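Visitor: Fold the following and give me the result.
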Amino acid sequence: MSDASEVTKAAVVTPVRVAIALCLIAPFVAMLWVGSYAKTDPVFIGIPFFYWYQMLWVLLSTALTMTAYQLWERDRRARKAATSVDGGASE
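Guide: Numbers count the residues shown, from 1 in each chain. Sure thing, here's the model as predicted:
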């Protein structure tokens, strides 16, 4: 019986989950689109754009991953609270 309830709890696409996906996908897209940063100008404190752009994405990726994690935890807690309020009526 628990297997049947697992099947009925299919993944739901919500705006929060879309935001999580965008936070996790953005760094990959930015780094795979090499043509957008394969240049030397502008130079920042003597470092060509190619290098400082990638280092900037290390910091941005960290911030985006932390944001995605916080959104995921908030969504998980909200869903858990909603199922406990329902008293399991949806099962």
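Visitor: Give me the residues contacting stretch 34-42.
Guide: Ala30, Pro48, Phe49, Phe50, Tyr53, Gln54 (C-beta atoms under 8 Å, 6 or more residues apart in numbering). C-betas here are computed from N, CA, C, even on glycine.
Visitor: Tell me the one of the residues you listed nearest Leu24?
Guide: Proximity of those to Leu24 (C-beta to C-beta) peaks at Ala30, which lies at 12.0 Å.
Visitor: And the pLDDT for that closest one?
Guide: With respect to pLDDT, Ala30 has a value of 93.
Visitor: can you tell me which residues contact the nearest residue to Asp75 once chain neighbours are set aside?
Guide: Counting by C-beta to C-beta, 6 or more residues apart in numbering, Asp75 lies nearest to Val16, which is 4.9 Å off, once chain neighbours are set aside. When contacts are counted by C-beta under 8 Å, 6+ apart, Val16 touches Leu71, Arg74, Asp75.
Visitor: Report the separation between Val16 and Ala38.
Guide: Computed with C-beta to C-beta, to the nearest Å, the distance linking Val16 and Ala38 is 35 Å.
Visitor: for Asp75, same thing?
Guide: 37 Å.
Visitor: Looking at these two, which one has more neighbours?
Guide: Between Asp75 and Ala38, counted using other C-beta atoms under 10 Å, the more crowded position is Asp75 (16 against 10).
Visitor: Where does the prediction get shaky in this structure?
Guide: Filtered on pLDDT under 70, the chain yields the residue ranges 1-10, 86-91.
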